[in-house]
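K.L.:
Coordinates only, no sequence provided:
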């Protein structure tokens with residue numbers, strides 16, 4: 001305490017002595033000293049203000065700033081307040097909750113112009129019921145009408161004799177610069193891809209699947225129709241709307257993962273359809289729906305008893321002709337591409353948008369009665385009834401990780417080791433790039449490598465989510481190639 005009092009007393013005594021000397025000076029001298037001090041203060045003040053803009057050169061002023069909340073509610077340090085003459089205002093956007101729109105992979109915006117919009121095979125994706133299309137979903141019906149008009153125009157030109165055989169043959173879009181194709185493609189796959197991409201179109205006809213919108217079937221030159229039936233004996237392809245272009249990606253993903261259940265699909269441009277770039281899928285007349293009615297409840301029961309894995313199943317197991325491992329393959333591909341039309345057509349496992357078909361057709365309101373919901377698009381070949389065939393594989397790349405449909409994985413206890421090995425080997429991107437590069441038209445339609453990598457980014461993020469799901473739920477990884 002003494003160290004603090006003594007300097008204060010000395011200071012006070014010196015100040016008292018100085019004040020006594022100040023008042024001893026004459027009044028004129030005191031006035032001159034005060035005037036000089038004021039003049040010096042004003043001189044330096046004016047000099048400081050006048051030199052600030054010139055010396056700063058865009059530098060922010062040095063006025064004090066009070067504490068304020070930062071971007072995330074934290075206190076920031078004292079920083080100088082910018083002046084109005086040199087301030088630049090920056091707007092911070094909030095975190096984006098939806099991924100960027102990727103071209104040719106998301107559902108098209110509903111526009112007033114009918115000619116610029118293409119619809120999806122909604123009735124086919126929902127197991128028929130096309131009678132609800134025009135009443136409950138008029139906007140989608142207009143989009144489907146646009147594709148129907150293109151089909152009608154193509155058939156009119158064909159029947160009117162304005163179609164020359166091979167007019168659409170502009171050379172193969174399947175490119176291979178090495179001696180051998182990627183190992184996940186068989187020789188049969190490559191032959192079918194070349195046939196679909198570059199074969200001469202000999203004939204066009206309309207197909208009307210039961211409960212589904214019509215599609216175009218083209219027959220290549222040199223192929224004939226069976227005399228006893230209306231089925232194509234080989235070399236035929238189904239032309240689908242451009243909005244289903246993601247089925248090309250699904251085919252390559254199916255082969256890269258070693259699932260081998262999707263039909264070969266390529267992209268091709270048809271002059272008779274106005275130059276539209278469309279996905280073309282191999283036509284297989286042996287494909288047929290599985291026998292019996294398969295609901296969600298019976299599907300879960302069949303997963304529980306592992307049908308056909310332990311021999312002939314019992315009648316009370318609700319088994320179909322499909323082997324137990326086939327459902328694991330389907331669930332894996334459907335989750336990565338978020339294909340909900342097969343296992344979750346009511347959209348009960350995620351938050352659908354108002355324009356989604358399951359909402360527009362009223363299916364989403366039936367989620368409380370999920371057990372009685374019938375699965376759709378479950379097909380196989382007549383000569384191979386135990387193995388599934390994946391058709392209508394239109395994927396959705398615009399669904400973020402917070403809104404994935406995990407109901408597709410419900411009841412799945414095993415997954416194929418080959419597919420999971422590819423997902424966890426850090427080589428998925430490399431293989432998909434190598435595979436998709438073969439289809440030149442699809443590669444260019446997505447914007448080259450930059451656009452393709454955006455699609456692969458989505459699949460890789462979903463693959464990481466799937467791997468975490470496998471570890472959290474103890475799903476077994478077993479061989480399923482036999």
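P.N.:
Everything's here; your move. Quick caveat: nothing in here was measured; it's all calculated off a predicted structure.
K.L.:
For the rest of this, base every contact and every neighbour count on C-alpha atoms.
P.N.:
Will do.
K.L.:
pLDDT weak spots in the chain?
P.N.:
1-12, 49-148, 151-171, 208-214, 221-231, 233-234, 482 (pLDDT under 70).
K.L.:
List the buried residues in the top helix by length along it.
P.N.:
If you go by DSSP state H, the chain has its longest helix at helix 27-56. Neighbour counts over helix 27-56 (16 or more other CA atoms under 10 Å) mark no residue as buried.
K.L.:
Which strands and helices lie in contact with that helix?
P.N.:
In terms of contacts (3 or more CA pairs under 8 Å, 6 or more residues apart in numbering; DSSP states H and E), helix 27-56 is not packed against any helix or strand.
K.L.:
what helix or strand does residue 23 sit in?
P.N.:
Here residue 23, judged by DSSP states H and E, is contained in helix 2-24.
K.L.:
buried set for the host helix or strand of residue 441?
P.N.:
Assigned by DSSP H and E, residue 441 belongs to helix 440-445. For helix 440-445, the neighbour count (16+ other CA under 10 Å) marks 440, 441, 442, 443 as buried.
K.L.:
Show the contacting residues for the first one.
P.N.:
When contacts are counted by CA atoms under 8 Å, 6 or more residues apart in numbering, residue 440 touches 173, 174, 175.
K.L.:
buried subset of the residues you listed?
P.N.:
173, 174.
K.L.:
Tell me the one among the contacts of residue 440 nearest to residue 384.
P.N.:
residue 174 (29.3 Å; CA to CA).
K.L.:
Would you confirm that that closest one contacts residue 439?
P.N.:
Yes: judged on CA atoms under 8 Å, residue 174 makes contact with residue 439 at a distance of 5.0 Å.
K.L.:
what's the overlap in contacts for the two?
P.N.:
Joint contacts of residue 174 and residue 439 (CA under 8 Å, 6+ apart) do not exist.
K.L.:
Residue 431 reaches residue 256, doesn't it?
P.N.:
Yes: shown here, residue 431 and residue 256 form a contact pair, counting by CA under 8 Å, at 6.7 Å.
K.L.:
ok, the two, which is more surrounded?
P.N.:
residue 256 (23 against 18; other CA atoms under 10 Å).
K.L.:
Let me see the contact set for the more buried one.
P.N.:
Residue 256 neighbours (CA under 8 Å, 6+ apart): 184, 422, 428, 431, 432, 435.
K.L.:
Kindly report the same for residue 255.
P.N.:
Contacts of residue 255 by CA under 8 Å, 6+ apart are 184, 185.
K.L.:
So for the helix or strand where it lies, what gets flagged as buried?
P.N.:
Assigned by DSSP H and E, residue 255 belongs to helix 246-256. Neighbour counts using 16+ other CA under 10 Å place 246, 247, 248, 249, 250, 251, 252, 253, 254, 255, 256 of helix 246-256 among the buried residues.
K.L.:
what's the next helix or strand after it packed up against?
P.N.:
Using DSSP H and E, the helix or strand that follows helix 246-256 towards the C-terminus is strand 265-270. Counting contacts by 3+ CA pairs under 8 Å, 6+ apart, strand 265-270 is packed against helix 187-198, helix 246-256, strand 276-282, helix 440-445.
K.L.:
Out of the ones you listed, which is closest to residue 417?
P.N.:
It's helix 246-256; of the helices and strands packed on strand 265-270, that one is closest to residue 417 (CA to CA) at 13.0 Å.
K.L.:
quick check: angle from the closest one to strand 276-282?
P.N.:
40 degrees (axes from the mean of the first three to the mean of the last three CA atoms, to 10 degrees).
K.L.:
ok so, going back, which two among the contacts of residue 256 are spaced furthest apart?
P.N.:
The span of those, defined through CA to CA, is set by 422 and 435 at 13.9 Å.
K.L.:
Which residue of those two possesses the greater neighbour count?
P.N.:
residue 435 (20 against 17).
K.L.:
Contact partners for that one?
P.N.:
Contacts of residue 435 by CA under 8 Å, 6+ apart are 182, 252, 256.
K.L.:
how about a cut-off of 10 Å?
P.N.:
181, 182, 183, 184, 185, 249, 252, 253, 255, 256, 429 (CA atoms under 10 Å, 6 or more residues apart in numbering).
K.L.:
and which of those is nearest to residue 406?
P.N.:
residue 253 (19.5 Å).
K.L.:
show me where the stretch 201-350 of the chain has helices.
P.N.:
246-256, 296-305, 324-337 (DSSP state H, counting those that start in this stretch).
K.L.:
how about those helices, which one is nearest residue 33?
P.N.:
That would be helix 324-337 among the helices of the stretch 201-350 of the chain, by CA to CA, at 86.6 Å.
K.L.:
next structured bit after that closest one?
P.N.:
Next along from helix 324-337, by DSSP H and E: helix 357-360.
K.L.:
what do residue 431 and residue 256 both touch?
P.N.:
182, 184, 422.
K.L.:
What strand or helix carries the second one?
P.N.:
Using DSSP H and E, residue 184 sits in no helix or strand.
K.L.:
Hmm, it is touching residue 252, no?
P.N.:
Yes: counting by CA atoms under 10 Å, residue 184 does reach residue 252; the two are 9.2 Å apart.
K.L.:
distance of residue 327 from residue 261?
P.N.:
11 Å (CA to CA, to the nearest Å).
K.L.:
Check the contact lists of the two and give me the overlap.
P.N.:
Joint contacts of residue 327 and residue 261 (CA under 10 Å, 6+ apart) are 387, 388.
K.L.:
if I look at residue 150, how far off is residue 272?
P.N.:
The separation that residue 150 has from residue 272, given CA to CA, amounts to 9 Å.
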